[in-house]
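> Build me a model from this:
(one chain, ligands or ions: 1)
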Amino acid sequence: MALQISEHAGTSDVGRQRSSNEDALVCEPPLFAVADGMGGAKAGEVASGLAVEVLQEDTEGHIEPVEAHMVELVREANRRIYELSTDDESRRGMGTTLTAARLHDGEVSLAHVGDSRAYRMRDGSLEQLTNDHSLVAELERSGQITAEAAVHHPQRSIITRALGPEPDVEVDTYTMTGRDGDVYLLCSDGLTGMISDDEVASILRSAAGLDEAAEALIRAANQSGGKDNITVVLFRLGDGDDAGAAAAPDETLAGEFTADDVAAQAETESKTGRAGPTAAVAERPRRADPLPVEPVARRPPAGRRRRGRLRLAFKSVLALWVVAAVVAGLYAASRQVYFVGTNDAGLVTLYRGLPYDLPLGIALYEQDYASGVPAREIPRTRRGRVLDHSWRSRGDARDLVRQLERGSLDSGGAGG
Ligand code: CA
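Okay, here's the model as predicted:
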């Protein structure tokens, strides 16, 4: 009757825009993990590979208490990545996220560092189990930006905790009692940065098995742009009794849910106005409505027709002018605004424009000046305030960056 892993699937995809895959995964019951490496010149691959390697090293020995054991392995992985990065100049600054899960004695334990995520699907609803260690998530948790702003934030890839950059690392842990039918999902931000939680849930509910679900998740992330490597690990808990039957092809992820249950849930969702899968699709940015055109079905007499055509042409031109004027105004306004953030290399950077991305990857900002100051050198307590993307004048923004470069921002004085 003991709870077992009745089904599992793990897969990783390079995505549509990267040339190499720096993610790594473990999918070996009862151990599962996702690691998302970072650092140039293949260093990210080395870091994530090392993280999962260390995690897998000790599956025999004493593993109880499970959480403490997992933390020890994660800290060991951190030490090794840190040492490798300090020994080798080309690997300086490399790091990786790591989100790991282990089933033991009917309980699922998680160890987590970074912005990869763990989710659980139970009774048809999806819940995020981990907190992201990212700048944007911290700003959101402290109420400085909204969840909506976080989704499109230009600095959403900056993480505040990782394995590798420091000699030791703080590891989040969670342990929860498993239940027959639970489905756990571990994934890198190449999935969650591309599709919403509602889309993830809807795919998990409709897939016929975990292999199919994993493939569908990757396909959906790629269809939404595939900007990053995508890694998905899934496992399902089942009673020992039906472990053999769990692989039956007609079983769906909805588990014991009947069509009536699903319909009832859909009804509740629409009543309470909670965003269901359909609502999520409707929320996505849509193309602008076509310009208004007069109906052509009723044909007026010839004299009025010409005037009508002229009026229609005039209206179309006017509408185009209004659109052009609004776009030009927005553009001109965005040229007057600056904000401070970080670039891909983690350096404090001055940007000109507005801190938002439009659909199709159109950025409303451009880099004005990259300082030589790594964002992590700003004291943690000040970091959020400096990198909060407040709109600033050019002078203010430049002064701020200059102060950072001189190390004079902190009245406490950063010694050097
Ligand atoms: Ca990533």
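
> SS state for the nearest residue to A207 once chain neighbours are set aside?
Closest residue to A207 apart from its sequence neighbours, by C-beta to C-beta, 6 or more residues apart in numbering: A213 at 3.6 Å. The way it works is simple: take the backbone N, C-alpha and C, and place the C-beta from them, glycine included. A213 falls in the helix class when you classify it by DSSP: H, G, I helix; E, B strand; the rest coil.

> Distance-wise, check A213 relative to R102.
In this structure, A213 and R102 are 21 Å apart, going by C-beta to C-beta, to the nearest Å.

> cool, and V52?
From V52 to R102 the distance is 13 Å (C-beta to C-beta).

> Which one's more surrounded, the two?
R102 (24 against 21; other C-beta atoms under 10 Å).

> so that one touches L73, yeah?
No. Applying C-beta atoms under 8 Å, one finds R102 not in contact with L73, separated by 9.9 Å.

> Please report the number of neighbouring residues for L73.
24.

> Which element is encountered next along the chain beyond the one helix or strand it maps to?
Taking DSSP states H and E as the criterion, L73 maps to helix 66-87. Counting by DSSP H and E, the element after helix 66-87 in chain order, helix or strand, is strand 95-96.

> And the next helix or strand past that following strand?
strand 98-104.

> roughly how far apart are the residue nearest to A207 and L186?
A213 is 13 Å from L186, by C-beta to C-beta.

> ditto for T192
Counting by C-beta to C-beta, the gap from T192 to L186 is 11 Å.

> likewise V233?
Counting by C-beta to C-beta, the gap from V233 to L186 is 4 Å.

> surely the residue nearest to A207 meets A9?
Yes. Between A213 and A9 there is a contact under C-beta under 8 Å: 7.0 Å.

> Compare neighbour counts for those two and give me the winner.
Neighbour totals were compared for A213 and A9, and A213 leads with 26 against 19 (other C-beta under 10 Å).

> Quick one: residues contacting the more buried one.
Counting by C-beta atoms under 8 Å, 6 or more residues apart in numbering, A213 touches 9, 203-204, 207, 234, 253.

> Name the nearest of the residues you listed relative to D396.
I203 (45.0 Å; C-beta to C-beta).

> Report pLDDT for the residue in the stretch 251-400 of the chain positioned nearest to the ion.
The ion sits closest to D344 of the stretch 251-400 of the chain, with a gap of 11.9 Å, by C-beta to the ion. Each residue has a pLDDT score; the one for D344 is 72.

> excluding its backbone neighbours, what's nearest it?
Closest residue to D344 apart from its sequence neighbours, by C-beta to C-beta, 6+ apart: S157 at 7.7 Å.

> For that neighbour, give me phi and psi.
Torsion angles at S157 (phi, psi; degrees, to the nearest 10) stand at phi -90, psi 0.

> quick one on the thing from earlier: list the residues that contact both of A213 and L186?
With contacts taken as C-beta under 8 Å, 6+ apart, A213 and L186 have L234 as neighbours in common.

> Would you mind naming what in the stretch 1-150 of the chain lies close to the ion?
Applying C-beta under 5 Å from the ion, we find that the stretch 1-150 of the chain lies next to the ion at D36.

> Any idea how many residues pack against D123?
With other C-beta under 10 Å as criterion, D123 counts 13.

> Quick one: which of the contacts of A213 is the most crowded by neighbours?
So for these (other C-beta under 10 Å), the most neighbours sit at L234, 27 neighbours.

> Now it. Nearest residue, chain neighbours left out?
Using C-beta to C-beta, 6+ apart, the nearest residue to L234 is L210, at 4.4 Å.

> Pull out the buried positions in stretch 341-355.
Residues of stretch 341-355 classed as buried: 341-343, 346, 348-355 (neighbour count, 16 or more other C-beta atoms under 10 Å).

> Ok, stretch 204-217 next?
Buried residues in stretch 204-217 (16+ other C-beta under 10 Å): 204-205, 207, 209-210, 212-217.

> Quick one: mean pLDDT over stretch 79-99.
On average, stretch 79-99 scores 92.

> end-to-end on it?
Terminal residues of stretch 79-99 are spaced 17 Å apart (C-alpha to C-alpha, to the nearest Å).

> And that stretch, what's buried?
For stretch 79-99, by 16+ other C-beta under 10 Å, it's 79-82, 84-85, 91, 93-99.

> how about the nearest residue to S224 once chain neighbours are set aside, what does it touch?
Nearest residue to S224, sequence neighbours excluded (C-beta to C-beta, 6+ apart): M194, at 4.2 Å. Contacts for M194 (C-beta under 8 Å, 6+ apart) come out as 220-222, 224-228, 230.

> Okay, and M194 sits in which element?
Going by DSSP H and E, M194 is not in any helix or strand.

> D228: how many residues sit nearby?
Using other C-beta under 10 Å, D228 has 23 neighbouring residues.

> Spit out the contact partners of it.
With C-beta under 8 Å, 6+ apart, D228 has these contacts: 15, 17-18, 157, 188-190, 193-194.

> which one of those has the most neighbours?
Result: S188 is most packed of these (other C-beta under 10 Å), 32 neighbours.

> Test my guess that that residue contacts D36.
Yes. In this structure, S188 is within contact of D36 by C-beta under 8 Å, at 4.2 Å.

> Next, show the common contact partners of these two.
Shared contacts of S188 and D36, counting by C-beta under 8 Å, 6+ apart, come down to 23, 97, 116, 229, 231.

> Let's have the residues you listed in TSV, adding secondary structure.
Below are the shared contacts of S188 and D36 laid out as TSV (three-state DSSP):
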residue	secondary structure
D23	strand
T97	coil
S116	coil
N229	coil
T231	strand
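
> Now the two most distant members of the buried residues of stretch 204-217.
Pairwise over the buried residues of stretch 204-217, using C-beta to C-beta, the maximum falls at R205 and E215, 15.4 Å.

> so the one residue in the stretch 201-350 of the chain that gets nearest to the ion is in which element?
Closest approach between the stretch 201-350 of the chain and the ion, counting by C-beta to the ion: D228, at 4.3 Å. Using DSSP H and E, no element contains D228; it sits outside every helix and strand.

> Find the helix or strand that R16 is a member of.
Counting by DSSP H and E, R16 is found in no helix or strand.

> my guess is it meets N229, correct?
No. Look at R16 against N229 with C-beta under 8 Å: they stay out of range, at 10.4 Å.
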